[in-house]
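1. Give me a model of this one.
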Amino acid sequence: MSLTNHPPHDVSAADAHAVAADTFRERQPILQADQLLERIADAYVALDTELRFVLVNNNAVKVLERTTEDLLGANIWDIFPDGMHGPIQQAFREAADTGKPVQVESFCAILKRWFENRIYPESFGFSIFFQDVSERRKADEERKLSESSLRESEKWLRLALASGKLGSYHLDLRTNEFLDISDAYLANFGYTSGATFTYSMLSEIIHPEDRPHVRAVTQAGIDNHQDYFVEGRCIWPDGSIHWISAHGSPVYDEDGMPIRLIGVTQDVSERKRYEEEQAQTLKEAHERADRDPLTDLLNHRAFYKRLEEECARARREDTVLSVVMLDLDNFQFFNDVYGHAIGDKVLRQVAERLQAICRPYDTIARFGGDEFSLLLSNVGYSTIREIESRLNRDLAGLVYQPEGQEIAIPITLALGASLFDLQSPDRHEVVRMAHERLRWLKAGGEPDEEAESVRNAVLKSVDGFSMLDALVAAVDNKDRYTRRHSEDVMAYSLMIARELGLDEKTQQTIAIASLLHDVGKIGVPDAILRKPSSLTREEFEAVRQHPEMGAIIVSAVPGLEATLGAVRHHHECWDGTGYPSGLRGEETPLMARLMAVADAYNAMTTNRPYRQAMDVSKAISILENGAGTQWDPTCVQAFITALKRQETYPPIATGG
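-> A predicted model of the protein is given here:
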């Protein structure tokens, strides 16, 4: 935990504001949380573990004389670089070390005011309730100056006269006998005026759980020659429990030995009840901020908070954590046909099923819309497929029964899982991997392991490729066929390259070019890419622009110059009838010629919205008939030879 006078050097002020904004950006519950916080009468702020402001109520804004925008995300030592008179820094450390609330007064040089702070350690950092006590401090200081000239016998009297509700006491520390106690003091412990009351009775009245703390604070004040303040519960004769606060001041003889103790007490039960109500209100505010109001599951923000905790635990305990992303199939159908109320009912039904099939310590969250997410702790040696299979089995049979209809409507979910362990990348990457697998499985496919390994190797070996991969993902979002098609073309192109004996460096360039060859489709309108029937001449002309568009996009990334010819010319024909340049024969780069064969074969053997895939033998026959007119005969023969042999080749080199 950072308790220094400055935020960590690797976090700028802008980053801190962004972190705070991300942390508290929620759809539904934030308004409710804010309303609950404003019911707190004291000034209140919440700080995260780096001492950055993450919640403030209006009273805090007024007292601190700052705007909400100034405070949220800022480190407390940036707002108050003077350290607020030092003691508050020690209070933070004490609260963090002991896990208990700490009360401390601090002076703010910037505001030139004293504050009384009650600091509570929280799972997210600290909660602080504070009041401006400058006037009280001023009065106390004036009182202390005047008291310094008073006789010792009058000291306790002035303390008692400060308030009619204060009880005063004067204890002889040598005999442990009260020299004097007021009626208000007796009343604080449930006794009437004139009742017999001894020091041993006081020791028994203090709640057993609080006795060690009260004794320790009192003894520390005596040993350190300083006034002390302590609070604790007391059990009255009628059995009721009351909170009592005590201010004490030890008196010493000429040799510095403690001889007497004088002070005042006060029944603070009402204040304690009020503080408990505030704490409960704050707890409800945080819970509502972390919960989806429709399903009562954790929400998107709480999921990421729990993800951080579970990943840390997995690393600490050397266990495996599974992240699972789920979404409802055809959820729009329920909203469109039956209305949003029924859609909400379906979401609650799914949430209940997930709660039923998960373990009590698993995390279930509504990620947003019709998406859910799971964190499955300590899944042992289970594989991704085993986890997905079990969840699919447990989720089977979920239906919605429309009122008055005999036929139930199936509720199905698509899901994808990933694993986090000591060898995993960061936690956000594991979420991305689960999302990626979900998209693959929703598209009806299974990620090809070799294609995935080559893609990952390429990502690590080529500077700037992540930007291109993001563009491919953008095309995938427009047309899910495109990304799987690109990886299949990569696999087939490598088969041809190996059959032709091309070197490893060329194979790597071919792999990159294959993955990028259709990136220009990002500029093709959605209606054309997703059209379930044949294209018109105008629509086909729009599609024909994608090689040139792709080359323009790829050319913007340094280091990929060797792929440009293949990206631009993979639709050229051997007889010169192709596009965009009408190149003939070997005028077309070799990489483009072999990619054209791979591209055509994959297109013929893959289902598309406007036609079914043809069988392999028919596709091979078309390639053979088109060799020498549409395709390079050498590349066609190399592909057919490799395809028939179905050899397993080692992965391409990705170094340098």
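
2. what residue ranges in this protein are flagged as low confidence?
-> 1-41, 83-85, 145-165, 284-287, 422-425, 443-483, 530, 532-533, 608-611, 646-656 (pLDDT under 70).

3. Tell me how it divides into domains.
-> 13-136, 150-273, 292-446, 448-656 (automatic domain parsing).

4. Redo those as CSV? Include mean neighbour count.
-> Glycine gets a C-beta too; all of them are placed from N, C-alpha and C. Formatted as CSV, the domains of the chain follow (neighbours: other Cβ atoms under 10 Å):
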stretch, mean neighbour count
domain 13-136, 17
domain 150-273, 15
domain 292-446, 16
domain 448-656, 18
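
5. Redo those as CSV? Include distance to E142.
-> Compiled in CSV, the domains of the chain are given as follows (distance: least, Cβ to Cβ, whole Å):
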stretch, distance to E142
domain 13-136, 11
domain 150-273, 12
domain 292-446, 49
domain 448-656, 67
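
6. who wins for proximity to T281 among those?
-> Among those, the nearest to T281 by Cβ to Cβ is domain 13-136 (5.3 Å).

7. quick one, which of the domains of the chain is nearest to R143?
-> Of all these, domain 150-273 comes closest under Cβ to Cβ, at 7.2 Å.

8. How far off centre is that closest one?
-> Centroid separation for domain 150-273 versus its chain: 48 Å, with Cα atoms, centre = their mean, to the nearest Å.

9. now do stretch 595-605
-> 43 Å.

10. which residues touch it?
-> 485, 488-489, 491-493, 495-496, 510, 513-514, 517, 566, 570-573, 578, 588, 613-616, 618-619, 622-623, 626, 630-632, 635-636, 639 (Cβ atoms under 8 Å, 6 or more residues apart in numbering).

11. Show me these that map onto helices.
-> Counting by DSSP state H, the contacts of stretch 595-605 place 485, 488-489, 491-493, 495-496, 510, 513-514, 566, 616, 618-619, 622-623, 626, 635-636, 639 in helices.

12. Helices along the stretch 351-500 of the chain, start to end?
-> 384-395, 427-442, 449-461, 465-478, 480-499 (DSSP state H, counting those that start in this stretch).

13. sorry, back to before: looking at the domains of the chain, which is closest to K144?
-> Using Cβ to Cβ, those put domain 150-273 closest to K144, at 9.9 Å.

14. quick one: which of the domains of the chain is nearest Q280?
-> Nearest of the domains of the chain (Cβ to Cβ): domain 13-136, 9.8 Å.

15. ok now the closest one, how far from the chain's centre?
-> For domain 13-136, the distance to the chain centre is 21 Å (Cα atoms, centre = their mean).

16. heads up, I number from 53, so please use that
-> Happy to do that; since the first residue is 53 now, the last one works out to domain 65-188.

17. hang on, the earlier thing: out of the domains of the chain, which comes closest to L334?
-> Of these, the one closest to L334 (Cβ to Cβ) turns out to be domain 65-188, at 6.5 Å.

18. Identify the residues contacting G468.
-> 376-377, 440, 486-493.

19. Could you point out the longest strand of this structure?
-> Of all segments of type strand in the chain, defined using DSSP state E, the longest is strand 293-304.

20. quick one: terminal-to-terminal distance for stretch 148-164?
-> Distance across stretch 148-164, first residue to last, is 27 Å (Cα to Cα, to the nearest Å).

21. ok, now stretch 284-301?
-> Note: stretch 284-301 ends 18 Å apart using Cα to Cα.

22. go on, stretch 220-234?
-> OK, stretch 220-234 end separation, Cα to Cα: 5 Å.

23. was I right about T119 contacting A112?
-> No - counting by Cβ atoms under 8 Å, A112 is not a contact partner of T119; they are 11.3 Å apart.

24. what's downstream of the longest strand of the chain, the next helix or strand?
-> Toward the C-terminus, strand 293-304 is succeeded by strand 310-319 as the next helix or strand (DSSP states H and E).

25. What helices and strands are in contact with the helix or strand following that following strand?
-> Remark: after strand 310-319, the chain's next helix or strand is helix 321-342, criterion DSSP H and E. Judged by 3 or more Cβ pairs under 8 Å, 6 or more residues apart in numbering; DSSP states H and E, the packing partners of helix 321-342 are helix 81-90, strand 177-184, strand 293-304, helix 352-369.
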